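A.B. asks: What follows is a predicted structure for the sequence shown.
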Amino acid sequence: MDTITVQKHELPPTSQKRMLAFINHFIVSTVTFLNQFASDCETRFVTFEHKLQNLEASLMIVEAKLASIDVLKQPGGNQPVETPPTSTLAAESAVSDPAETAVEVKEPEPTAKAKPDAQYDLYFKMIHLGVPLNAVKNKINSEGLDPNYIDQFL
């Protein structure tokens, strides 16, 4: 193999216009690639964000359903609730001796639950629709109300 040795100082210089065209083409193709890459990443992040929001809303619905189960709130846990039949007890006491009528039937005391303030109705509706609790609290705080007030009713 014969190698041809060419002296670099004998070569003609590259035209400035041609060099500028190469550089411009490189810059345009690189910027186009980066813009497309950033756009693809952004669309993927948006789809993942929507999926996370849907999962969070579903989780809040499931948590609300679990919170509404009275059996889980009882201190005994899984023990069934026994309610005395009041109608049969009243019928038996009317027929029985007067000495047996002295037995007292203990009725459950009604617990006075505080009703939510009308100012907070919008925020309870937001929570019911699946808006995250922290977002609702931030909204309440921005409106100048107490964000801890809704914790009493959840």
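C.D. replies: Noted; the coordinates are in hand.
A.B. asks: Have a look at the protein and report its longest helix.
C.D. replies: For the chain, the helix that runs over the most residues, judged by DSSP state H, is helix 16-67.
A.B. asks: Grab the most central residue of this structure for me.
C.D. replies: Glu56 (3.5 Å; C-alpha atoms, centre = their mean).
A.B. asks: Quick check: it touching Pro132?
C.D. replies: Yes: if you go by C-beta atoms under 8 Å, Glu56 and Pro132 touch, sitting 6.2 Å apart. Heads up, the C-betas are built off the backbone N, CA and C, glycines and all.
A.B. asks: shaky segments in this protein?
C.D. replies: Judged by pLDDT under 70, the chain has its weakly predicted residues at 1, 72-116.
A.B. asks: what does the domain assignment say about it?
C.D. replies: With domains defined by automatic domain parsing, the chain comprises 16-77, 115-154.
A.B. asks: most tightly surrounded among the ones you listed?
C.D. replies: Mean neighbour count (mean count of other C-beta atoms under 10 Å) peaks for domain 115-154 among those, with a mean of 13.
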